[in-house]
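*Asks:* coords below, sequence missing:
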């Protein structure tokens, strides 16, 4: 599990709760089912209009990736590429076919298989880039889901507030003269302010959901995608270099340029 994501959510909710209590407020003031329905339901409905239904249906599958911890072993991947390069340079590309059953399923294994069967380097690069672009397109679809929700939630929060104020004003002004005469001015204003506070809860839900839930999740998915794409770029260049029979030492030096200095292994 990615503890940073979990701790971030807990800290965000905790800060809001502490802020409410320290300000002399009551947490129960901020609970309103109708407000949740307008913001949550409206945001989901607008997202379903903006995106295909299948994309919205994958929301829970995407959420699992947000909380899943991922460690990208760039140096280990480069070492594996260099090992395959040494074997291919010594025994030929076809010798790598024997290693395929022992390799993990994924982009690297598919790339090695393509390199064995494809003679032209340009076509090999085209195939690998096409597969990588398709993976990136799926990542962008998941990011867009939460970025759209983050965009719609504040708007529906404001919409719910306006709706609540309209209903409150109509109810406030719609009583009979006899009923209105029984209230003094101070009591009328107290009722009005109470209704305004309840209406503003909807805006609170929209802003909170957008900036504490939806947009951070979209940003997290974007960052995870960037890290994965960098690893796949290393694999693509490595496979092309293996196919071109480049020297393993040169391959390692070239691929290390993709890796940030903080993640590079220390030299002896």
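*Replies:* Yes, it's here. As the structure is a computational prediction, the values presented were derived from the model and not from experiment.

*Asks:* So which bits of stretch 31-47 are buried?
*Replies:* 32, 35, 38, 39, 40, 42, 43, 44, 46, 47 (16 or more other Cβ atoms under 10 Å). All C-beta spots, glycine's among them, are computed from the backbone N, C-alpha and C.

*Asks:* Read off the pLDDT value for the second one.
*Replies:* Per-residue confidence at residue 35 stands at 86 (pLDDT).

*Asks:* Could you do the last one as well?
*Replies:* In the prediction, the pLDDT value recorded for residue 47 is 92.

*Asks:* could we number from 8 for the rest of this?
*Replies:* In the new numbering, first residue 8, that becomes residue 54.

*Asks:* any idea how far it is from residue 16?
*Replies:* Computed as Cβ to Cβ, to the nearest Å, the residue 54 to residue 16 distance reads 20 Å.

*Asks:* Ok, the second one next?
*Replies:* Distance, residue 42 to residue 16, using Cβ to Cβ: 20 Å.

*Asks:* same check, this time on the third one
*Replies:* Shown here: residue 45 relative to residue 16, a distance of 23 Å by Cβ to Cβ.

*Asks:* Figure out the length between the terminal residues of stretch 122-133.
*Replies:* Chord length of stretch 122-133, first to last residue, is 12 Å (Cα to Cα, to the nearest Å).

*Asks:* Of all the residues in it, which ones are buried?
*Replies:* For stretch 122-133, using 16+ other Cβ under 10 Å, the buried residues are 122, 123, 125, 131, 132.

*Asks:* Stretch 53-70 too?
*Replies:* 53, 54, 62, 63, 69.

*Asks:* and if you look at stretch 245-255?
*Replies:* Those would be 245, 246, 247, 248, 249, 250, 253, 255, for stretch 245-255 by 16+ other Cβ under 10 Å.

*Asks:* to the chain's geometric centre, what's the distance from it?
*Replies:* 34 Å (Cα atoms, centre = their mean, to the nearest Å).

*Asks:* What of stretch 47-61?
*Replies:* 17 Å.

*Asks:* May I have the distance across it, first residue to last?
*Replies:* Stretch 47-61: ends 19 Å apart by Cα to Cα.

*Asks:* about what we covered before: restricted to helices, list the buried residues of stretch 122-133.
*Replies:* Using DSSP state H, the subset of the buried residues of stretch 122-133 located in helices is 122, 123, 131, 132.

*Asks:* Can you give me the pLDDT of the third one?
*Replies:* In this case it means residue 131. The model reports residue 131 with a pLDDT of 90.

*Asks:* what do you get for the first one?
*Replies:* Confidence per residue is given as pLDDT, and for residue 122 that number is 90.

*Asks:* who's in contact with the closest residue to it other than its chain neighbours?
*Replies:* In this structure, residue 122 finds its nearest non-sequential neighbour in residue 250, 4.6 Å apart by Cβ to Cβ, 6 or more residues apart in numbering. Neighbouring residues of residue 250 by Cβ atoms under 8 Å, 6 or more residues apart in numbering: 100, 122, 125, 128, 131.

*Asks:* CSV for those, including distance to residue 147?
*Replies:* Conversion of the contacts of residue 250 to CSV gives the following (distance: Cβ to Cβ, whole Å):
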residue, distance to residue 147
100, 33
122, 27
125, 27
128, 28
131, 25
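
*Asks:* out of those residues, who's nearest residue 81?
*Replies:* residue 122 (20.3 Å; Cβ to Cβ).

*Asks:* Spit out the contact partners of the closest one.
*Replies:* 100, 103, 131, 246, 249, 250.
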